[in-house]
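> Sharing a sequence plus its predicted fold:
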Amino acid sequence: MLFPDARAAVEHARDQQPVHDPAFDIAAARRDARTAAAAQPREDVAEVRDVDAGGVPCRLYRPGDAAPGVVVHLHGGGFVMNDVEVHDGAARRLANRTGRAVLSVDYRLAPEHPFPAAVDDTDTVLAWLATHADAEGLAGPVALHGDSAGANLALVGALHHPGRFAALALVYPFLDPTASFASHTDDESDFDPETVAWYWRHYAGPAGEAAYADADLAPLLADPAAIAALPPTYVATAEHDPLRDEGEHLARLAADAGVPVTAVRWLGQVHGFWRHHDVFSAADPLMDQVAAFLRGRL
């Protein structure tokens with residue numbers, strides 16, 4: 001059963017134009033998201049500045065008296081929507097609650113830049129961080145964090161660099177382009193099958209469904225040895241999220257491989273609740289829980 005705030009959000013979403021409507025305007029939707037985010041109150045952070053990470057634009061947030069280390073944040077949005085501006089408020093809260101620097105990555109978006117552009121940008125940022133951490137005052141342990149599509153990219157980044165990261169935190173990860181898990185039939189969610197499929201089609205781009213067999217797009221297909229090399233991992237899922245089962249399947253795969261895993265299902269919630277702390281009463285507790293997990297491993 002949906003909790004009241006989630007129920008209200010789902011009912012509101014039903015009045016909105018769906019992304020799979022042929023008349024849906026991606027560019028206008030991106031502008032609207034930035035405008036809405038800019039109107040939200042934002043926490044102060046001691047240092048906020050834009051950086052060029054090997055050609056990939058990023059934004060660095062450093063709280064006062066920051067402890068050593070950095071959290072690399074990859075934003076959600078189905079690989080099509082959102083950017084560092086939309087996630088600015090969430091990145092500020094994450095920095096203040098972890099007490100660490102947060103590097104928010106403005107990776108390229110589909111459909112203009114389909115797979116593997118976002119994966120390549122993530123790897124570029126991680127390579128830049130490995131060589132520029134001292135110069136940027138970011139020396140210390142590194143964690144990866146992402147929500148939805150960003151959680152996919154964070155997981156792929158960890159799989160590409162075994163042994164490098166201190167922690168991995170994934171919020172309702174978007175992992176299975178085949179949408180084969182039972183949670184995709186949840187009729188209480190506003191994230192319907194047509195919408196899920198629309199995002200995957202745009203991300204795969206010209207490669208089409210052939211890309212669905214690539215573990216860099218669908219990381220549940222990763223080699224078991226690579227999954228076993230993941231760092232301590234936190235996975236949050238939402239009860240009424242079509243992506244719930246794929247996130248929990250990842251958690252089980254990692255736990256069975258010997259990875260220290262913390263997996264939490266948030267009852268009564270829907271996809272997307274983590275970022276909207278002004279709408280969902282569970283958003284701040286989830287942020288606090290993720291931050292506590294990261295603080296304990298950085």
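Structure received. Numbering: from 1, shown residues only.

> Grab the most central residue of the chain for me.
In the chain, the centroid-proximal residue (CA atoms, centre = their mean) is residue 147; its distance is 2.1 Å.

> Quick check: phi and psi at it.
phi -120, psi 140 (degrees, to the nearest 10).

> So it is in contact with residue 271, correct?
No - in this structure, residue 147 is not within contact of residue 271 by CB atoms under 8 Å, at 9.5 Å. In this view, the C-beta of every residue, glycine as well, is placed from N, C-alpha and C.

> Common neighbours of the two, please.
Both residue 147 and residue 271 are in contact with residue 172, where contact means CB atoms under 8 Å, 6 or more residues apart in numbering.

> ok, residue 261 - contacts?
By CB under 8 Å, 6+ apart, residue 261 lies in contact with 232-235, 251, 254-255.

> Quick one, which of those residues are buried?
Neighbour counting by 16 or more other CB atoms under 10 Å classes 232-235, 251, 254 among these as buried.

> Pick out whichever of the residues you listed sits closest to residue 135.
Nearest to residue 135 among the buried ones among the contacts of residue 261, counting by CB to CB, is residue 232 at 27.8 Å.

> circling back: in strands only, show me the buried ones among the contacts of residue 261.
233-235 (DSSP state E).

> quick one: which of these is nearest residue 8?
When those are compared for distance to residue 8 (CB to CB), residue 235 wins out at 26.2 Å.

> I'd say that closest one and residue 247 touch.
Yes - between residue 235 and residue 247 there is a contact at 5.3 Å, judged by CB under 8 Å.

> which neighbours do these two share?
170, 173, 263.

> which other residues reach whatever helix or strand residue 289 lives in?
For residue 289, the element it lies in under DSSP states H and E is helix 283-295. Applying CB under 8 Å, 6+ apart, the external contacts of helix 283-295 come out as 67, 71, 90, 93-94, 97-100, 143, 145, 167, 169, 171, 234, 236, 262, 264, 266, 273-277.

> so for that helix, what's the average pLDDT?
Here helix 283-295 scores 98 as its mean pLDDT.

> same deal with stretch 250-258?
For stretch 250-258, mean pLDDT is 98.

> how about it as PDB, C-alpha atoms only?
Output in PDB follows, covering the C-alpha atoms of stretch 250-258 (Å, rounded to 0.1, in the frame of the first residue of the first chain):
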ATOM      1  CA  LEU A 250      21.800  -7.200  -7.300                       C
ATOM      2  CA  ALA A 251      22.000  -7.100  -3.500                       C
ATOM      3  CA  ARG A 252      21.500 -10.900  -3.300                       C
ATOM      4  CA  LEU A 253      24.100 -11.500  -6.000                       C
ATOM      5  CA  ALA A 254      26.700  -9.400  -4.200                       C
ATOM      6  CA  ALA A 255      25.900 -10.800  -0.800                       C
ATOM      7  CA  ASP A 256      26.200 -14.400  -2.200                       C
ATOM      8  CA  ALA A 257      29.600 -13.400  -3.700                       C
ATOM      9  CA  GLY A 258      30.900 -12.400  -0.300                       C
END
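
> Run through who's touching it.
155, 170, 173, 175, 219-220, 224, 227-228, 230, 233, 235, 261, 263.

> From these, which land in helices?
Among the contacts of stretch 250-258, the members found in helices (DSSP state H) are 155, 224, 227-228.

> from those, which would you call buried?
Buried among the ones in helices among the contacts of stretch 250-258 (16+ other CB under 10 Å): 155, 227.

> Counting neighbours, what do you get for the nearest residue to residue 125 once chain neighbours are set aside?
Distances taken as CB to CB, 6 or more residues apart in numbering place residue 53 nearest to residue 125, at 4.5 Å, with adjacent residues excluded. Residue crowding around residue 53 was assessed by other CB atoms under 10 Å; the count is 21.

> Contact partners for residue 53?
Here residue 53 is in contact with 103, 105, 124-125, 128-129, 132 (criterion: CB under 8 Å, 6+ apart).

> what about the strands in this protein?
47-53, 56-62, 70-74, 101-105, 142-147, 167-171, 233-240, 261-270.

> Fine by me, thanks again.
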